[in-house]
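Student: using only what follows, build the 3D model:
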Amino acid sequence: MKRGISYAGLAGAIWGMVLMVPQVLPAFSPWLLSAVRFSLYGVISLLLALPLAGRIRAKLQADDVIMLAVLSLVGNLLYFILLAAAIQLVGIAPASLIVGVLPVTITLLGLKDEGALSLRQLAWPLLMVLAGIVCINIDTFAGSHPATTTVSDRILGVLAALGALASWSWFASRNARYLRQRPCFDSHEWSCLLGMVTGVMGGGLWLAGNWLGLPMVSQAVSQTQWQLFWVAATGCALGGSWLANALWYAAARRLPSTLSGQLIVFETLFALLYGFAWLQRWPRPLELASMLLLLGGVAWAVRRHATPAEEQAMPAWQGG
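Tutor: I've put the predicted structure just below:
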């Protein structure tokens with residue numbers, strides 16, 4: 001369990017950094033960011049999979065390919081397009097707030113999984129997480145709003161964030177269950193497979209965008225901005241896609257869905273910390289309270305999951 005929690009925390013730290021990219025590069029469309037990021041992810045995954053090609057090919061079945069395609073579409077392409085759009089329309093704070101409900105949605109989706117605790121046992125930790133999210137919302141929306149051109153932009157941004165929440169909630173729950181059904185794949189193999197399938201889809205996304213004539217940049221972009229774009233896209237592909245996904249899959253194998261769902265809160269916390277560093281300010285009282293509530297809720301959930309195992313391992317003389 002300790003290793004699983006560590007892996008989930010590292011994945012959250014990397015994903016929090018990825019959330020900064022649409023904010024730092026507002027001139028580049030979510031479509032272009034997603035297409036380039038995931039195409040590079042596919043290339044990296046292919047290179048990493050070459051030494052394992054024979055072993056992976058022997059295990060791979062038609063059902064695996066279908067599941068990989070669905071997971072890639074929903075959990076990678078659709079999620080990142082919607083999230084990047086939300087960040088550019090309403091700002092990183094409101095977008096991360098909405099996506100911050102992931103600990104609750106993933107936990108609820110995993111209630112029927114083997115090893116999961118009941119909703120009654122998780123009620124108080126979940127309420128702490130919700131209270132933390134409420135605090136962030138009050139602080140953000142009671143203060144100055146991110147600059148947007150129209151009210152419709154804000155509505156579209158909120159809807160995009162909700163869509164991202166729904167897509168990754170389903171992805172995290174379904175992926176964890178499928179990994180437990182197919183234990184023959186280790187975390188590295190599964191990450192490479194998902195990356196290769198996502199890379200093909202990323203290339204298709206770029207071709208579709210060009211064919212449809214979608215605007216890839218919203219304004220004139222300098223050479224320096226293009227260089228930053230390629231550095232950020234490569235970082236997202238290598239760190240945010242391959243490495244963070246491998247860490248998350250390793251965590252999913254070691255933790256029940258109700259606990260791994262709680263630990264996705266690390267993404268929100270790190271995104272907020274990176275945002276404060278980018279804005280060069282300390283968190284306000286409500287922001288600090290929200291982070292403490294989120295961490296407290298996760299720590300409580302960890303304790304709830306650890307208690308049964310500890311009691312089972314405890315000698316009889318130590319009981320009671």
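
Student: quick one: low-confidence residue ranges for the stretch 101-250 of the chain.
Tutor: 107, 110-119, 137, 140-151 (pLDDT under 70).

Student: same thing but at 90, please
Tutor: Where the stretch 101-250 of the chain drops to pLDDT under 90, the residues are 101-159, 161-162, 165, 168-192, 194-195, 204-226, 229, 232-233, 235-250.

Student: helices along that one, start to end?
Tutor: 102-109, 119-142, 151-181, 187-212, 223-235, 244-254 (DSSP state H, counting those that start in this stretch).

Student: of all those helices, which lies closest to residue 54?
Tutor: For residue 54, the closest of those is helix 187-212, at 11.7 Å, according to C-beta to C-beta. Yep, even glycine has a C-beta here, placed from its N, CA and C like the rest.

Student: quick one: work out the angle between the closest one and helix 244-254.
Tutor: Helix 187-212 and helix 244-254 are oriented at 130 degrees to each other (axes from the mean of the first three to the mean of the last three C-alpha atoms, to 10 degrees).

Student: the helices of the stretch 101-250 of the chain into a markdown table, with extra columns for mean neighbour count and distance to residue 29?
Tutor: Below are the helices of the stretch 101-250 of the chain laid out as a markdown table (neighbours: other C-beta atoms under 10 Å; distance: least, C-beta to C-beta, whole Å):
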| stretch | mean neighbour count | distance to residue 29 |
| --- | --- | --- |
| helix 102-109 | 23 | 24 |
| helix 119-142 | 18 | 25 |
| helix 151-181 | 18 | 13 |
| helix 187-212 | 19 | 8 |
| helix 223-235 | 15 | 11 |
| helix 244-254 | 23 | 23 |
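
Student: redo the ones you listed as CSV? Include distance to residue 91.
Tutor: Listed next are the helices of the stretch 101-250 of the chain as CSV, based on distance: least, C-beta to C-beta, whole Å:
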stretch, distance to residue 91
helix 102-109, 18
helix 119-142, 8
helix 151-181, 8
helix 187-212, 24
helix 223-235, 18
helix 244-254, 23
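
Student: quick one: which of those is nearest residue 41?
Tutor: Judging the helices of the stretch 101-250 of the chain by C-beta to C-beta, what sits closest to residue 41 is helix 187-212, at 5.0 Å.

Student: give me the distance from the closest one to the chain's centre.
Tutor: Distance, stretch centre to chain centre, for helix 187-212: 17 Å (C-alpha atoms, centre = their mean, to the nearest Å).

Student: residues making contact with stretch 296-303?
Tutor: With C-beta atoms under 8 Å, 6 or more residues apart in numbering as the test, stretch 296-303 has contacts from 1, 5, 103, 122, 124-129, 131-132, 258-259, 262-263, 265-266.

Student: go again with 6 Å.
Tutor: With contact meaning C-beta atoms under 6 Å, 6 or more residues apart in numbering, stretch 296-303 is reached by 125, 128, 129, 262, 265.

Student: do the same with stretch 85-101
Tutor: So stretch 85-101 is contacted by 22-23, 26, 30, 133, 136-137, 140, 146, 153-154, 156-157, 160-161, 164-165, 268, 271, 275 (C-beta under 6 Å, 6+ apart).

Student: repeat that for stretch 181-201.
Tutor: Stretch 181-201 has contacts (C-beta under 6 Å, 6+ apart) with 38-39, 41-42, 45-46, 48-49, 56, 59, 68-69, 72, 76-77, 242, 245-246, 249-250.

Student: which one of the helices of the stretch 101-250 of the chain lies closest to residue 284?
Tutor: helix 119-142 (5.9 Å).

Student: quick check: angle from the closest one to helix 102-109?
Tutor: Going by the same axes, to 10 degrees, helix 119-142 makes 150 degrees with helix 102-109.

Student: now stretch 74-93, how far from the centre of its chain.
Tutor: 11 Å.

Student: start to end distance for it?
Tutor: 23 Å (C-alpha to C-alpha, to the nearest Å).

Student: any idea which of the helices of the stretch 101-250 of the chain gets closest to residue 293?
Tutor: helix 119-142 (3.3 Å).

Student: who touches that closest one?
Tutor: Contacts of helix 119-142 (C-beta under 6 Å, 6+ apart): 93-94, 97, 100, 103-104, 111, 284, 286-287, 289-290, 293-294, 296-297, 300-301, 304.

Student: what sits closest to residue 90 if chain neighbours are left out?
Tutor: Counting by C-beta to C-beta, 6 or more residues apart in numbering, residue 90 lies nearest to residue 157, which is 3.4 Å off, once chain neighbours are set aside.

Student: confirm that residue 288 sits in a strand.
Tutor: No - Residue 288 sits outside any strand when classified using DSSP: H, G, I helix; E, B strand; the rest coil, being helix.

Student: for burial, what's the neighbour tally of it?
Tutor: When neighbours are defined as other C-beta atoms under 10 Å, residue 288 has 13 of them.

Student: so for it, what's the pLDDT?
Tutor: Looking at residue 288, its pLDDT reads 85.

Student: what comes up buried for stretch 16-24?
Tutor: By 16 or more other C-beta atoms under 10 Å, the buried positions in stretch 16-24 come out as 16, 17, 18, 19, 20, 21, 22, 23.
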